[in-house]
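Enquirer: Fold the following and give me the result.
(chains A and B)
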Amino acid sequence: MSIKLAVLFAMILVAFAFLGIRLFIINRDNGDKYKKRVLSQQAYDSVTIPAKRGDIVDRNNTKIAVSQKVYNVCIDSKTLNKDEGANIESTITALFSTPVTFNYTKDELRSYIMANPDSQYRIIAKKQSYESVSEIMNMVNNPTMYPDFKGVWLEDTYVRQYPYNSLACDVIGFVQGDNEGAYGLEEFYNDTLVGTNGREYGYLNDDENLERTLKPAQDGKTLVTSIDVNIQSIVEKNILAFNEEHRNEAREGAGSSNTGVIIMNPNNGEILAMASYPTFNLNDPRNTDNLEVQVELDPEKFGLMNGILDGNTDLEGLDDSEIAEAVRKMAEENKAAEEIGINTGETNPEETKPEEGADSEGQNEGGDIDINVGDGAQDETGSAEGSPDDPYAGMTYAQAYEKAYEDAKMEALNALWKNFCINSTYEPGSTMKPFTMAAGLEEGILKGDESYVCNGVLEIGGHEIHCSNRLGHGTLTFAGALEQSCNVAFMKIGAVIGKSVFMKYNQLFNFGLKTNIDLTGEALTNSLVFDINTMTPTDLAISSFGQGFNVTMIQMISGYCSLINGGYYYKPHIVTKILDSAGGTVETIEPRILKQTVSEETSRKIRELCVGVVDNGTGKSARPAGYRIGGKTGTAEKYPRDKHNYVVSFMAFAPAENPEIVCYVVVDEPNTGNQAVSKYAAVLCKDILTEVLPYMGIFQTEELTEKEAEELAEKQQEFSKGSTGEEEGVEVEGEIIVDQDGNNDAQSSDGSGAITFVDENGNELDEEDTTGKKIEIDPATGYAIDPTSGILLDPQTGAPIEPTSDLEDAGL
Amino acid sequence: MQMSQQNNNPKKKTKYFFDYTMLFIVVFLLLFGLVMLYSTSSYEANIKFDDPAFYFRKQAIASAIGIGVMLFLMLIDYHFVQRFAFLAYVVSLILIILVLTPLGYEAGGARRWLNLGMSLQPAEVAKLALIVFFASVVCKFKDAIKGKKGFLFVLGLAIPHAICVLTITQNLSSAIIIFCIVLMMLFVATPQYKEYFIMGAAAIALAVIIVLLVKYDVIPTSISYRFARIKAWMDPESYAANKGFQTLQALYAIGSGDFFGKGLGESIQKLGYLPEAQNDMIFSIICEELGLFGAFAIILLFMLLIWRFLVIANNAQDMFGALLVVGVMAHISIQVILNIAVVTNTIPNTGITLPFISYGGSSIVFLLAEMGLVLSVSRSIRLEG
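Expert: This next block holds a predicted model:
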């Protein structure tokens, strides 16, 4: 027995020895390889700690964009499925007893957990506030108190919020996707705002030991802007009032295709307000409900009109516009269906169509009739057979329809998100005239004592170019030329100063160049201005009164600020200070003078001349009661000229003696019978200044007339009631500004030289009308009334108010 | 180390042996096991139960109970247990069958446990019960087992347990261990060699045939996960995602340990990479943290323990005592060898724990009971007089 035991023991020893050798061999042969494997399969499982995006505040530290910490509720199915899923029910019950709204119902959540036992990360409720998740947080943090609550955790994240919704939407921009700024300050200062995400991660130290380290997130920096929320609100309120007042007046839609206003401090280049219309809600930028530009499907573009016509008897016999309307309705229904989660296509009028569509298809394919497997009409083969370059080729009707709708929607949204004030270019019209004068004065070519005779037309370079007043302004003084915005006088001035001086000053005023304002999306206009080498006398003539070349609003106002502030061209800017997350100043952005455009003396003269425009000339309607301001009207005809669409504008500064603000109003295609009435812009400017000047603590210097006092009292009452005060605008004294322009711009591609312009005129009719003509003014519309026929006339030309082909006008 | 102890009878002055060496080794292994268990399990316990000492505490309590049982059995005369040999045989079989009743419960995907106020693994009971039972049976039939009939009859007595453990609890490794313990006890108790070598050769041939059949896909792995494990054993890298994962991670742990290891508590593989690190795979973590040096030291300790068993068995007062010790020796050595063989991928993966060190309450209590029996046998050795 003891021998047997010894044998057994020996066998055991052999086995042990064998295993010992095995261990040794594993280490010797694979030690290095396995060491690397161990290191390489380390996930260093790091957790991102999101950085808080910096706030954006206005000049008074009112928050206009903030990041709010919110929580995602996540579940770990793997943990929940442990212990035979003993904690699933208790956890689900506990979750649903909290106020959080989950993306799942109880049953869905249960079946998800059961079906995905390996999932360790699933968000079941997104972006919940602290209040709503506080109960869950308590349960997560006290596992000993809630032992049957498992596999749930909270993930920190931030949401961007804009407390004022649509206020200053163009300036602020929004955030999309992964904390990426889109448009405006959010995009321009994205790197400053975004901060640096922190991480909690594990790593192996020198001894190959796993260590955990926390690198805290660096929150983004705060932008202090020069925007004043109150001024911005005043501006937007008045823009809205204007657009509502003229809604559906001459055409369907808002009171203008766009309205832009910038208020700027001429003494440092700070933007106090910048707004355009239409606006959008920054908290919901993709909402299409308020799109002024309706999402319409252009039947031709859609390429499916034939199919609809073929298939849909409802549409037979309708004219184009009715069809377009029907298609638009379909689009809306499509959208509505989409929103409530129904397959698009099901609720559409095209329901009648599929059979026919299938029929025709069937014929093409030799009688085969497709059997559709999908649900609803979605898969119906429509008759969308297009040519090879048809973007909808190969799609079913519903798919093509959806694509067309989505394309149209994105196009409309992109247009909406753009900042009109810096992105859109247009011909400035008569607001250019002070610049032309300043060039002549500065160079000493003009003395200020010249006089000009206007016969209503001037022939330059073989073209007859009319003044806004076709009857002619008669003899005008130097100041009178600006006050009456006489195109003929300015063509003469242009000819006197010559194109080299004119273009030199255009460059000084930055036309054709970017202002480099700190916003994303500023348009580059270098190809939209005249080239001195190819500039003709006609080009010079029309550009002297602001036609033929394009500018942006920000260029105009920045240049104008230098014109009236003593000649100092400040770089326009919005951000004045950058703060770190603790509130310490990181950077102060001082006003930057880029150049001197004109001398103090010239600047003073221009100020006086512009004050004259408001005191005596075309700008009267812009004067806010009790204040003396300077300004200049503008009316420019848009391309194509035969559509008679106009951009009307007003550039004002206040107070007259020592300007503290400059306000520039541009109304693109006012929705009125005759668009060429710069009064619309002037009155809007007055409405804005009437509220902004007192807010800024600028005192009234002028005595109020009885009427003004009345109006003001009325307005103040409205302010206190918080209404929009829309009665204003309409009955402004009968000042009519009709401009004309003609022009042809240097870049016109037709190259034929066939410039059909025409006449122009500008002026205003009233007692001081220098031409001495007295024309009665219709008090309701402000139009002149033909003394014999009683028809409303264009006051300057005497023509009936319907624009005729040769009556195009340009700014005064 | 050998110390004398005074008998109660002052007249006789007989000196008895007590194996302090063995006691020391057992206590050392037990404490070492607790340290390693804490090191391996604290990470997972913290994640799972929010309590790094979760496994450690349960194991420590089981160890305390086990020490109590050991001391009790050590102090009584081991012949006392002989009376319960048949009872133990029957009761242990019933306990295995009870797993089928609602008393049984499942953990880690296998239904192997009984809930009798405290959790109990009947397979562990069966090992101890069969050691006692077969020591008793072999003593009774010590002549009969020299013949073929008697031998097969006695061997056959192990079959009910082995079959039940295999079929009811789906525990192949425990069935093999039970069978091998009995076989080793018979081997020691009988003079012949040839039969055992034939049996051994037959078993090896069968294993080789099965492996080859699996390798060349004659037996599809879909029949049983055990065949899949054989495939994974032959080429763990190809099955790294599932069946070979645990084995491969164990090899990584062993291979990355070097000679002196990464240091106690510094294992990376235990941080969620190696499944069952505190259980079947604890030896690989020992290799990772303490290196080959630590692993060899542990193997040496087990060898010393087995050597003590050898000494005690050789000097036991009677055959029953000797066979008890042989059974325990067989049990410990088979488990240690198979465990290390699995961890080093020398044999296909099967769940065998490392005695005294792996996590498992039933296992530790019954192992210490066995130690108590062995120490009791050692106490009966008369040194002189």
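Enquirer: so where's the longest strand in chain B?
Expert: What stands out as the longest strand in chain B, according to DSSP state E, is strand B:110-116.
Enquirer: which other helices and strands contact that one?
Expert: Contact here means 3 or more Cβ pairs under 8 Å, 6 or more residues apart in numbering or on different chains; DSSP states H and E; on that basis strand B:110-116 packs against strand B:104-107, strand B:118-120, helix B:122-140. All C-beta atoms are positioned from the backbone trio N, CA, C, and that covers glycine.
Enquirer: what about 10 Å?
Expert: helix B:85-98, strand B:104-107, strand B:118-120, helix B:122-140, helix B:361-379 (3 or more Cβ pairs under 10 Å, 6 or more residues apart in numbering or on different chains; DSSP states H and E).
Enquirer: Out of these, flag the one nearest chain A.
Expert: Of all these, it is strand B:104-107 that lies closest to chain A, at 7.6 Å by Cβ to the nearest Cβ.
Enquirer: who touches A:D170 in this structure?
Expert: Residues counted as contacts of A:D170 (Cβ atoms under 10 Å, 6 or more residues apart in numbering or on different chains) are A:183-184, A:260, A:274-277, A:279-280, A:282, A:416-423, A:519, A:521.
Enquirer: where does the stretch 601-750 of chain A have low pLDDT?
Expert: Within the stretch 601-750 of chain A, the segments meeting pLDDT under 70 span A:719-750.
Enquirer: where along it do the helices fall?
Expert: Taking DSSP state H, counting those that start in this stretch as the criterion, the stretch 601-750 of chain A carries its helices at A:679-695, A:706-721.
Enquirer: quick one: contacts for the closest residue to chain B within chain A?
Expert: Here chain A gets closest to chain B at one residue, A:Y34, 2.9 Å apart by Cβ to the nearest Cβ. By Cβ under 10 Å, 6+ apart, the contact list for A:Y34 reads A:26-27, B:248-249, B:251-257, B:269, B:288.
Enquirer: From B:Y252, how far off is it?
Expert: Distance, A:Y34 to B:Y252, by Cβ to Cβ, to the nearest Å: 4 Å.
Enquirer: overlap in contacts of those two?
Expert: Taking Cβ under 10 Å, 6+ apart as the criterion, A:Y34 and B:Y252 both touch A:26, B:269, B:288.
Enquirer: What is the neighbour count of the closest residue to chain A within the stretch 201-350 of chain B?
Expert: Distances between the stretch 201-350 of chain B and chain A by Cβ to the nearest Cβ are smallest at B:G255, namely 2.9 Å. Using other Cβ atoms under 10 Å in any protein chain shown, B:G255 is surrounded by 25 other residues.
Enquirer: Leaving out sequence neighbours, find the closest residue to it.
Expert: Ranked by Cβ to Cβ, 6 or more residues apart in numbering or on different chains and with sequence neighbours excluded, the top spatial neighbour of B:G255 is A:Y34, at 2.9 Å.
Enquirer: now the one you found, what's its secondary structure?
Expert: At A:Y34 the chain is in helix, as set by DSSP: H, G, I helix; E, B strand; the rest coil.
Enquirer: rewinding a little: save the helices and strands packed on strand B:110-116 as TSV, and put in mean pLDDT and mean neighbour count too.
Expert: Shown next, in TSV, are the helices and strands packed on strand B:110-116 (pLDDT from 0 to 100; neighbours: other Cβ atoms under 10 Å in any protein chain shown):
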stretch	mean pLDDT	mean neighbour count
helix B:85-98	93	18
strand B:104-107	81	14
strand B:118-120	82	15
helix B:122-140	92	25
helix B:361-379	93	25
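Enquirer: What is the helix or strand containing B:G327 packed up against?
Expert: Secondary structure assignment for B:G327, by DSSP states H and E: helix B:319-343. Contact here means 3+ Cβ pairs under 10 Å, 6+ apart; on that basis helix B:319-343 packs against helix A:2-40, helix B:79-82, helix B:122-140, helix B:172-189, helix B:245-255, helix B:282-315, helix B:361-379.
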